[in-house]
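J.: Build me a structure from this.
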Amino acid sequence: MVVSLSGPEPFRFGTAQYKAYEWLLFDDAYSLDPPDNDGTNDLDEIRERYVVSVLYYSLGGDPDSAAGGGQGWYHRDGFLSPTSVCDGWYGIKCDGNGRVMEIDWNSNRLSGTVPGEIRALLGLKSLRMHSDSSLLQRANVLYGGLPDSIGSLVNLEELTMHRCGIGGSIPSSIGKIGKLKRLFLSENEHVGTIPDSIGNLVELDFINLARNLIGGTLPKNLGKLTKLQTLRIGNTQIKGRIPTELGLLTRLKSLNLQKNNLSGTIITEFGSLTRLETMWLDENDLTGKIPSSLGNLVNLKLLYLDKNRLDGTVPSKLQSLTRVEEFRVHDNNLTGEMPGAICNLMNDGSLEQLSADCERSPPEIKCSCCTCCGESCYEI
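T.: Sure, this is the predicted structure:
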């Protein structure tokens, strides 16, 4: 069993697999004499027990072998105890058949790499190894990348591993996790490109890949993810044009593509995203005119188009955005005058913050109602 999962690693002294196998063979009273008639298959249960213990050793759970001063995990209640992994092992929940269904080790001082053996937890639906910003003293620090075997977790619905330091390329095998609904990998060290196989994850309703070192272009296949409500891929090294296929994401409520190297025009197809509430396109290299079709986004509360190279005038059709609270267009090449109907939203609508390049004499945009002009907007 262990050879099929780990190859020769269980026989190499000092590896996480060696420690897990040695514990299983000689020290684990539960494996030596498993309870009968508990509704589970003994071999399946022992297999998952081995995999969870490999995770424990690989991710620095054991204070005697953990990196970084030997602290071990902040919580490691129940681990390596003579009970089922479903019975009190910290952060683990099981289904009615005794299979591991959920792992939640967020902000638990994890340190190490995610081993490929995780692929054997076929019942896993939720995997959380992120770090909360309020618990940085317990931050997880993972090395390497996501194992290619992550694609074997075909029942996984949530993969939440933001702010944990994991790097490498996002494996294309992730496209095999057809039930995935939530992909949260922001604030890490991921490199490479977004795999085209992401378009296979048609159940996704949340993607956050922001604040990584990802490059390349936005895949057109993102347009296949028609259940998406949140798409955040800001503050990366992504370049190129915005795919028109993003206009197919009609359930989208939040779109964040800020602080990339995107070029070309703002696609008119965005006008189809009528459920959108927030749109961040600021700090890119976008050119051309602001499309009038953005006036269709009547549920929009925040529209950031600043720090690009947009030209032309501000479309008067944007007066339809009666729910918008923040509208930023400063640091562009726009000219003309802010439409009076948009200014009226300061009194008749929800608009609280309006910015444009109105600080010079004469101003590039005449705007008597703007709450900030040009460089003064950087202080907001």
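
J.: For the protein, give me the ranges with low pLDDT.
T.: Applying pLDDT under 70 to the chain flags the ranges 32-41, 65-70, 379-380.

J.: just the helices in the chain please.
T.: 2-6, 16-22, 29-32, 42-58, 340-343, 345-348 (DSSP state H).

J.: Reformat those helices as a markdown table; add mean neighbour count and distance to D357.
T.: Just so you know, the C-beta spots here come from the backbone N, C-alpha and C atoms, and that holds for glycine as well. What follows is the helices of the chain, written out as a markdown table (neighbours: other C-beta atoms under 10 Å; distance: least, C-beta to C-beta, whole Å):
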| stretch | mean neighbour count | distance to D357 |
| --- | --- | --- |
| helix 2-6 | 17 | 61 |
| helix 16-22 | 22 | 57 |
| helix 29-32 | 14 | 69 |
| helix 42-58 | 21 | 53 |
| helix 340-343 | 17 | 15 |
| helix 345-348 | 14 | 18 |
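
J.: And those helices: which comes nearest P115?
T.: Taking C-beta to C-beta, helix 42-58 is the member of the helices of the chain nearest to P115, at 4.5 Å.

J.: Can you tell me which helices and strands the closest one packs against?
T.: helix 2-6, helix 16-22, helix 29-32, strand 100-104 (3 or more C-beta pairs under 8 Å, 6 or more residues apart in numbering; DSSP states H and E).

J.: Could you provide the ones you listed in TSV, with additional columns for distance to K307?
T.: Formatted as TSV, the helices and strands packed on helix 42-58 follow (distance: least, C-beta to C-beta, whole Å):
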stretch	distance to K307
helix 2-6	50
helix 16-22	46
helix 29-32	59
strand 100-104	38
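
J.: for the ones you listed, which one sits closest to D77?
T.: The minimum distance between D77 and the helices and strands packed on helix 42-58 falls on strand 100-104, with 12.9 Å, by C-beta to C-beta.

J.: what's the spacing between that closest one and its chain's center?
T.: With C-alpha atoms, centre = their mean, to the nearest Å as the basis, strand 100-104 stands 19 Å off its chain's centre.

J.: the inter-axis angle of that strand versus helix 42-58?
T.: With axes from the mean of the first three to the mean of the last three C-alpha atoms, to 10 degrees defining the directions, strand 100-104 sits at 10 degrees from helix 42-58.

J.: pretty sure S111 is in contact with N140, am I right?
T.: Yes - assessed by C-beta atoms under 8 Å, S111 is found in contact with N140 at 7.4 Å.

J.: Between these two, which has more neighbouring residues?
T.: Taking neighbours as other C-beta atoms under 10 Å, S111 and N140 compare with N140 leading, 27 against 22.

J.: So the more buried one sits against H162, correct?
T.: No - look at N140 against H162 with C-beta under 8 Å: they stay out of range, at 10.1 Å.

J.: and for those two, which residues touch both?
T.: 130-131 (C-beta atoms under 8 Å, 6 or more residues apart in numbering).

J.: what about R12, how many residues close to it?
T.: 11.

J.: where's it relative to S149, distance?
T.: Using C-beta to C-beta, to the nearest Å, R12 is found at 19 Å from S149.

J.: what's the answer for K289, then?
T.: From K289 to S149 the distance is 48 Å (C-beta to C-beta).

J.: Please apply the same query to N308.
T.: Per C-beta to C-beta, N308 is found 41 Å from S149.

J.: do the same with T193
T.: As judged by C-beta to C-beta, T193 and S149 stand 20 Å apart.

J.: Kindly report the same for T268.
T.: Per C-beta to C-beta, T268 is found 42 Å from S149.

J.: Then L300?
T.: In this view, L300 and S149 are 41 Å apart by C-beta to C-beta.

J.: can you check N208 too?
T.: 23 Å.

J.: Show me which of the two is the more surrounded one.
T.: N208 (21 against 16).

J.: In CSV, list the helices of the chain along with distance to E283.
T.: Listed next are those as CSV, based on distance: least, C-beta to C-beta, whole Å:
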stretch, distance to E283
helix 2-6, 45
helix 16-22, 42
helix 29-32, 55
helix 42-58, 38
helix 340-343, 22
helix 345-348, 24
